[in-house]
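Chemist: below are the sequence and a predicted model for it; my questions follow.
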Amino acid sequence: MPASRPTLSGPRHAISAGHYLAASAGYAVLEAGGNAVDAGCAAGIALGVLLPDLVNVAGVAPIMIRLANGQVETIAGLGHWPASLPPDVFMREHGGKIPQGVRRTVVPAAPDAWITALERHGTMGFGDVAQYAIRYAAEGFAVYPLLAESVSAHVAEYARWPSNAAIFLPGGAPPKVGERFVQSDLAQSLTYMVDEEKRAAGKGRLAGLAAAHAAFYRGDIAREIVAFQRREGGFLTMADMAGFHSRLEPAITHRWRGHEVITCGPWCQGPALLEALLLMECAGLDGLEHNSAEYLHLFTECVKAAMADREYHFGDPAFIDVPIDALLSDAHLAARVAEMDPVRAHPSMYPPLLGAGRAADGPVRRDLPTIEADTSYVAVVDRWGNAFSATPSDGSWNSPVVPGLGLIPSNRGSQSRPDPTHPAGVAPGKRPRLTPNPAMVVTRSGGVMPLGTPGGDVQIQAMLQVMLNVLHFGMELQEAIEAPRVSSYAFPSSFAPFDYFPRRLAVETRIPEATRNALAGRGHDIKEWSDITWLAGSVEAVMSDPATGLVRAGADPRRPAYAIAG
């Protein structure tokens with residue numbers, strides 16, 4: 001089936017982002033002479049305005065940057081639990097659950113992450129890149145179907161807090177498609193940061209960026225956030241805010257068929273992408289027809305094994321020792337593959353092979369999990385060969401908006417386990433294990449391909465399918481993105497209540513019925529998605545092509561994502 005859109009190509013630069021206005025913001029920066037970091041930050045901040053149900057300006061923003069000289073850097077863009085958090089509070093006071101509201105708040109990291117990227121590798125100021133987000137917040141934008149659907153699905157949650165209802169339920173009802181959606185308070189908050197930058201303008205670009213950072217983390221915004229948190233029973237303090245800086249984390253890099261695949265570290269789920277890819281190679285990928293029952297069975301079992309290792313081992317490396325080298329070793333990969341039945345689905349979690357591990361502690365379920373529809377993505381490659389990959393996130397229906405600010409301090413604590421003894425368990429100063437995981441591939445021809453997606457536990461699965469579609473099956477970028485997908489849920493969810501769905505495999509129904517039946521015959525518990533659904537992720541990707549000197553881009557029609565090249 002041909003793609004519904006063409007792969008876009010340009011001789012200079014390209015961007016793909018989770019909303020068309022975010023892509024246009026980043027493209028305007030590129031055309032104005034900005035580099036990939038400037039453009040990616042402009043688009044990323046705009047996504048916090050344009051996808052207010054999925055991304056928050058005060059949420060998380062993990063970033064990966066590869067400079068034209070080959071230097072790779074990851075900025076975690078992920079906040080930690082407040083220092084005053086009692087480690088046993090969720091077990092003792094909340095029945096072993098992390099409740100909705102301010103108690104799931106970790107230090108908001110996104111503003112720091114964007115500013116850190118600009119300080120280290122950008123050329124522009126905060127106001128230069130934030131102007132588009134401010135414009136869309138103040139002047140509004142048209143409500144699109146996914147936003148209307150998302151808010152309508154969570155009316156009760158949005159109505160729980162008056163500050164959320166004022167934005168998301170204007171007149172007491174969800175916004176309708178085509179209506180104008182305005183966020184005046186958010187525009188004022190961002191404008192305050194720009195105004196503080198302007199006050200330091202005479203001292204240079206870096207001083208201006210520092211002033212914008214101080215406005216959020218030590219100025220009026222921080223004071224309003226902390227005061228509200230205190231009134232609501234949260235633990236965030238001015239000391240938590242004032243001392244925050246995103247960690248610069250080492251990337252995880254592995255060669256595969258002459259390509260260099262780069263993921264973020266085990267503070268997120270990124271290394272599971274690499275492990276699943278290497279497991280497929282170890283098990284024998286060649287000769288399998290695209291989206292055949294044999295191929296999808298192998299894909300699913302390799303994902304399940306990688307996600308089992310994620311469950312047993314991944315967490316904040318500042319607190320726990322994550323055996324990444326062992327997990328990606330030939331010996332471990334071979335041992336995992338030896339457990340796989342080439343014709344039958346594994347009936348439960350693959351067992352731990354490195355250390356004792358833990359049993360899946362979420363409830364076993366038969367339906368699909370409650371989806372927390374958050375996250376978006378932006379990819380950029382500029383005319384100099386710099387590449388930018390970022391996956392901003394944090395939804396807006398499970399925590400309150402700070403009155404007068406129009407933003408929600410990061411509620412990403414929902415991805416920590418309430419039990420402090422779990423590898424991803426809660427602890428003061430510890431970061432949750434994050435699902436958003438920007439990635440890149442440096443192709444064997446010398447090109448670079450930043451890629452990523454929203455989708456929670458679907459993320460690495462959607463990314464891996466697109467990577468293989470391009471690098472193994474030879475598809476054009478847009479064709480690779482639009483091809484039908486599957487997703488396993490046969491491991492504990494990253495979101496509370498961390499439910500677990502043995503053998504569950506969701507399948508877009510463009511995959512033929514005969515294939516779905518064959519997968520069911522192998523023991524997979526098939527859940528039929530529609531022909532094309534946002535539940536399957538929304539992969540955006542940009543890829544430079546040294547052979548032609550062009551930069552190509554694709555965007556996923558499963559969400560309001562678009563690409564621009566020029």
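Modeler: Structure received. Computed from a prediction, not measured in an experiment: that's the story for all the values here.
Chemist: from now on I want contacts and neighbour counts done on CA atoms only, so please keep to that.
Modeler: Noted.
Chemist: so where is the protein shaky, pLDDT-wise?
Modeler: Across the chain, residues meeting the criterion (pLDDT under 70) sit at 356-373.
Chemist: secondary structure class for residue 262?
Modeler: Secondary structure for residue 262, judged by DSSP: H, G, I helix; E, B strand; the rest coil, is strand.
Chemist: how much space separates it from residue 72?
Modeler: Using CA to CA, to the nearest Å, residue 262 is found at 9 Å from residue 72.
Chemist: which neighbours do these two share?
Modeler: Between them, residue 262 and residue 72 share these contacting residues under CA atoms under 8 Å, 6 or more residues apart in numbering: residue 251.
Chemist: what's the burial count for residue 338?
Modeler: By the criterion of other CA atoms under 10 Å, residue 338 has 12 neighbours.
Chemist: now do the buried residues in the helix or strand hosting it.
Modeler: Here residue 338 is covered by helix 330-339, with elements defined by DSSP states H and E. Across helix 330-339, burial judged by 16 or more other CA atoms under 10 Å covers 332-333, 336-337.
Chemist: you'd agree residue 24 is in a helix?
Modeler: Yes: counting by three-state DSSP, residue 24 is part of a helix.
Chemist: show me the contacts for it.
Modeler: 43, 564.
Chemist: what's the separation between it and residue 39?
Modeler: Using CA to CA, residue 24 is found at 10 Å from residue 39.
Chemist: just to revisit the earlier point, between residue 262 and residue 72, who's got more neighbours?
Modeler: Neighbour count, other CA under 10 Å: between residue 262 and residue 72, residue 262 has more, with 24 against 17.
Chemist: right, and that one touches residue 439 too?
Modeler: Yes: assessed by CA atoms under 8 Å, residue 262 is found in contact with residue 439 at 5.8 Å.
Chemist: surely residue 8 is in contact with residue 555?
Modeler: No: Residue 8 is beyond contact range of residue 555, at 9.4 Å (criterion: CA under 8 Å).
Chemist: list the helices and strands the helix or strand hosting residue 388 packs on?
Modeler: Per DSSP H and E, residue 388 falls inside strand 387-390. When contacts are defined as 3 or more CA pairs under 8 Å, 6 or more residues apart in numbering; DSSP states H and E, strand 387-390 sits against helix 36-50, strand 63-66, strand 378-381, strand 448-452.
Chemist: after that strand, next one along is what?
Modeler: Scanning forward in sequence from strand 387-390 by DSSP H and E, the next helix or strand is strand 439-442.
Chemist: pull up the pairing partners for that following strand, direction included.
Modeler: Strand pairing for strand 439-442, using DSSP bridges, gives strand 259-263 (antiparallel), strand 448-452 (antiparallel).
Chemist: could I get the ones you listed in a markdown table, plus columns for distance to residue 281?
Modeler: Listed next are the strands paired with strand 439-442 as a markdown table, based on distance: least, CA to CA, whole Å:
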| stretch | distance to residue 281 |
| --- | --- |
| strand 259-263 | 13 |
| strand 448-452 | 20 |
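Chemist: and these: which comes nearest residue 379?
Modeler: strand 448-452 (5.6 Å; CA to CA).
Chemist: just the C-alphas of the closest one, formatted as PDB.
Modeler: The C-alpha coordinates for strand 448-452 follow below in PDB (Å, rounded to 0.1, in the frame of the first residue of the first chain):
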ATOM      1  CA  VAL A 448      22.400  10.500  10.400                       C
ATOM      2  CA  MET A 449      18.800   9.700  11.300                       C
ATOM      3  CA  PRO A 450      17.300  11.100  14.500                       C
ATOM      4  CA  LEU A 451      14.000   9.400  15.300                       C
ATOM      5  CA  GLY A 452      11.500   8.900  18.100                       C
END
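Chemist: which residues does that strand contact?
Modeler: Contacts to strand 448-452, defined as CA under 8 Å, 6+ apart, come from residues 377-381, 387-391, 437-443, 459, 463, 539-545.
Chemist: before we move on, the earlier item: who has more neighbours, residue 8 and residue 555?
Modeler: Neighbours were counted for residue 8 and for residue 555 using other CA under 10 Å; residue 555 has more, 33 against 21.
Chemist: how about that one: what's its closest non-neighbour residue?
Modeler: residue 540 (4.6 Å; CA to CA, 6 or more residues apart in numbering).
Chemist: what's near enough to touch that neighbour?
Modeler: Going by CA under 8 Å, 6+ apart, residue 540 touches 16-18, 377-379, 451-453, 481, 553-556, 561, 563.
Chemist: highest neighbour count among these?
Modeler: residue 379 leads the contacts of residue 540 on contacts (other CA under 10 Å) with 40 neighbours.
Chemist: how about the nearest residue to that residue once chain neighbours are set aside: which residues does it bridge to?
Modeler: Excluding the flanking residues, the one nearest residue 379 by CA to CA, 6+ apart is residue 389, at 4.7 Å. Beta-bridge pairing for residue 389 (DSSP bridges): residue 64, residue 379.
Chemist: who's in contact with residue 389?
Modeler: Residues near residue 389 by CA under 8 Å, 6+ apart: 40, 63-65, 377-380, 438-440, 450-452.
Chemist: do residue 115 as well
Modeler: Neighbouring residues of residue 115 by CA under 8 Å, 6+ apart: 126, 209, 213.
Chemist: and if you look at residue 79?
Modeler: Contacts of residue 79 by CA under 8 Å, 6+ apart are 60, 106-109, 244, 246, 410, 431.
Chemist: how near is it to residue 498?
Modeler: Residue 79 is 21 Å from residue 498, by CA to CA.
Chemist: ok, back up a step: which elements pack onto the helix holding residue 338?
Modeler: helix 270-283.
Chemist: which SSE is immediately downstream of the helix it packs on?
Modeler: helix 293-313.
Chemist: what is that following helix packed up against?
Modeler: Under the contact definition 3+ CA pairs under 8 Å, 6+ apart, helix 293-313 sits against helix 270-283, strand 486-488, helix 513-521.
Chemist: of all the ones you listed, which lies closest to residue 227?
Modeler: helix 270-283 (34.9 Å).
Chemist: now that closest one, how far from the chain's geometric center?
Modeler: 19 Å (CA atoms, centre = their mean, to the nearest Å).
Chemist: where do the contact lists of residue 24 and residue 39 overlap?
Modeler: Shared contacts of residue 24 and residue 39, defined by CA under 8 Å, 6+ apart, are absent.
Chemist: hmm, back to that, may I see the contacts of residue 115 organised as a markdown table, with distance to residue 167, secondary structure and neighbour count added?
Modeler: Conversion of the contacts of residue 115 to a markdown table gives the following (distance: CA to CA, whole Å; DSSP: H, G, I helix; E, B strand; the rest coil; neighbours: other CA atoms under 10 Å):
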| residue | distance to residue 167 | secondary structure | neighbour count |
| --- | --- | --- | --- |
| 126 | 25 | helix | 28 |
| 209 | 29 | helix | 27 |
| 213 | 25 | helix | 25 |
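Chemist: quick check, nearest of these to residue 267?
Modeler: Of all the contacts of residue 115, residue 213 has the smallest distance to residue 267: 23.7 Å, by CA to CA.
Chemist: I'd say the closest one and residue 193 touch.
Modeler: Yes: contact criterion CA under 8 Å: residue 213 and residue 193 qualify, at 7.4 Å.
Chemist: quick one: the spatially closest residue to residue 96 that is not a sequence neighbour and residue 290, what's the gap?
Modeler: Spatial nearest neighbour of residue 96, excluding adjacent residues (CA to CA, 6+ apart): residue 90 at 5.3 Å. Between residue 90 and residue 290 the distance is 45 Å, computed by CA to CA.
Chemist: neighbour count winner among these two?
Modeler: Comparing residue 90 with residue 290 by other CA under 10 Å, the one with more neighbours is residue 90, at 21 against 15.
Chemist: so the more buried one: helix, strand or coil?
Modeler: Three-state call for residue 90 (three-state DSSP): helix.
Chemist: picking that back up, CA atoms of the strand holding residue 388 as CSV?
Modeler: The C-alpha trace of strand 387-390 is given here as CSV (Å, rounded to 0.1, in the frame of the first residue of the first chain):
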residue,chain,number,x,y,z
ALA,A,387,21.3,16.4,14.4
PHE,A,388,18.8,16.9,17.2
SER,A,389,16.4,14.4,18.7
ALA,A,390,14.0,15.2,21.6
